[in-house]
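Q: can't give you the sequence, but here's the structure:
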């Protein structure tokens, strides 16, 4: 029999937590509401008025207010930060309005559609001393941290990205999909020395299949292939070093030493990239010094894309 059992409870002071406003409650917006609600206070959400999304919010999160008027979020003095999960062509205007309203900002990638707009937004963020955080989610995958560790002891010579899926035809394939791979490359190696568009085909939209070849610093090579007309969903990153071959497959990392006939599991993520990303945003939100690391990476991604067009 256990005597004098004491159970310690953790009391969260909601008044001291940063209050968030979220714009966009589509598929990805719902994910952000779910994960942000676990670690912060989501006070208010705004959408264009989709009745199904509004009903979902009221049923799932009755304490979160809903409004179709964006001004209510920008003018709310209790809201510290605005999270934007809307179509790409809306990012620039919404981010700008949020920053001018003295709000910190988390915006889904890309930061904007053009380099000049991205540079303008960063200037506004710096002038107002506000955090500008961009959701390049793959750089928050624990697998990438593991690959960075590997790169310090093994010389990476080649990287091959393959992404097959179906959908998102209403968005630019470079800004919406290729940007993910570029964010990983820039994080690992810095800006490419050369980039060549090998193939670009359009079937359902203007461009649905692309292949890129990149020359990276220190004679490293990279190939990116994205196909959004595939019936098989797959995203693989193959990393070649002088010693081993690694395959990054979702939340798992596999290894082959070039002698074995199979790959063995060497690492598995414990947390989803979105969980890690949300925690990182809240962490930076609470820091005394504003970091522009995320915004600068987003700007560099757009700069590389713009050179391809």
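A: Thanks, I have it. Note that this is a predicted model, so its numbers are computed, not measured.
Q: Check the secondary structure at the closest residue in space to residue 186 that isn't next to it in sequence for me.
A: Leaving aside its sequence neighbours, residue 186 sits nearest to residue 300 (CB to CB, 6 or more residues apart in numbering; 5.5 Å). C-beta: built from backbone N, CA, C; applies to glycine. Three-state assignment for residue 300 (DSSP: H, G, I helix; E, B strand; the rest coil): helix.
Q: In terms of pLDDT, where does residue 300 sit?
A: Note for residue 300: predicted pLDDT of 98.
Q: wait, doesn't it sit right on residue 191?
A: Yes. The criterion here is CB atoms under 8 Å, and residue 300 meets it with residue 191 at 6.3 Å.
Q: can you list the weak-confidence ranges in this protein?
A: Low-confidence segments of the chain, defined by pLDDT under 70: 1-15.
Q: Looking at residue 300 and residue 191, which has the bigger crowd around it?
A: Taking neighbours as other CB atoms under 10 Å, residue 300 and residue 191 compare with residue 300 leading, 18 against 15.
Q: helices or strands up against the host helix or strand of residue 306?
A: In this structure, residue 306 is located in helix 293-308 according to DSSP states H and E. If you count contacts as 3 or more CB pairs under 8 Å, 6 or more residues apart in numbering; DSSP states H and E, helix 293-308 packs onto helix 115-127, strand 132-135, helix 179-189, strand 194-201.
Q: Residues touching the shortest one, excluding its own?
A: Residues outside strand 132-135 that contact it (CB atoms under 8 Å, 6 or more residues apart in numbering) are 95, 99, 104-111, 121-122, 125, 277, 281, 284, 292, 294-295, 297-298.
Q: Of all the residues in the lengthiest strand in the chain, which ones are buried?
A: Across the chain, the longest stretch assigned as strand under DSSP state E is strand 229-241. Within strand 229-241, the residues that count as buried by 16 or more other CB atoms under 10 Å are 229, 235, 237, 238, 239, 240, 241.
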